[in-house]
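Student: Sequence and computational prediction follow.
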Amino acid sequence: WKEVTVRCLCAAWSQLWPECVLQRDFEGFEELEEEAVVHEIVSLGNSMGLEVDDDDVEELVEEHSKELSTKELLELHKEQNETLKRSLTSEESGEEDKEESRIIPAKDLKDAFFCWSKLSKLAEDYHPDIGSVQKAISEWQVRRTPTGLNCGPEPTKS
């Protein structure tokens, strides 16, 4: 039962016995007391498998409520700028690497086109409907090449 959150219990009981559950009216919405909020945070943390207690939540809230000094703000700003510069630099170098890796050597292209011609020849030789095979081959070639020209040597008819 320790893992069941307050929200879960309220949702279940509101279906079974609505009068016993406090309804939250968003127009006249009453703020929950701090203890109830802390308890709900703790129960949510415990339901996620975290070892959290009320003191941990209170400590976290206190740490975040402190105002930073000008020096601390400047240091934080400097760190964020450095992180941003590093990420931009790594993205730019990554884009250059991607562009270089996209270039396919001519020999590999020649091999690919040769394989395509062998595959299209095989399909023409063994498929019962030669017309549909030739149509599919020509459509593929038009879609795959920027100029719409034939790729590689024409398959020989036997």
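Tutor: Everything's here; your move.
Student: the domain parsing of the chain - what is it?
Tutor: Residue ranges for the domains of the chain, per automatic domain parsing: 6-65, 67-103, 106-144.
Student: As TSV, these with mean neighbour count would be great.
Tutor: C-beta here means a position set from N, CA and C on the backbone, and glycine is covered the same way. Listed next are the domains of the chain as TSV, based on neighbours: other Cβ atoms under 10 Å:
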stretch	mean neighbour count
domain 6-65	11
domain 67-103	10
domain 106-144	13
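Student: quick one: pLDDT of T70?
Tutor: For T70, the pLDDT comes out at 87.
Student: what sits against it?
Tutor: Contact analysis of T70 by Cβ atoms under 8 Å, 6 or more residues apart in numbering lists nothing.
Student: quick one: it from Q134, how far?
Tutor: The gap separating T70 from Q134 is 76 Å, by Cβ to Cβ, to the nearest Å.
Student: Do I have it right that S120 meets E139?
Tutor: No - the pair S120 / E139 is not scored as a contact, 11.7 Å apart, by Cβ atoms under 8 Å.
Student: any idea how far the spatially most central residue of the chain is from D56?
Tutor: Closest to where the C-alpha atoms of the chain average out (Cα atoms, centre = their mean) is E91, at 17.1 Å. From E91 over to D56 the distance is 37 Å, taken as Cβ to Cβ.
Student: show me where pLDDT drops low in the protein?
Tutor: By pLDDT under 70, the low-scoring segments of the chain are 22-33, 92-101, 140-158.
Student: Distance from the helix or strand hosting H39 to the middle of the chain?
Tutor: Secondary structure from DSSP states H and E places H39 in helix 34-47. Mean-position distance between helix 34-47 and its chain equals 30 Å (Cα atoms, centre = their mean, to the nearest Å).
Student: Now do that helix: everything it contacts.
Tutor: Here helix 34-47 has contacts from 2-7, 32, 52-54, 56-58, using Cβ under 8 Å, 6+ apart.
Student: hmm, 6 Å instead?
Tutor: 3, 5-6, 52, 54, 57 (Cβ atoms under 6 Å, 6 or more residues apart in numbering).
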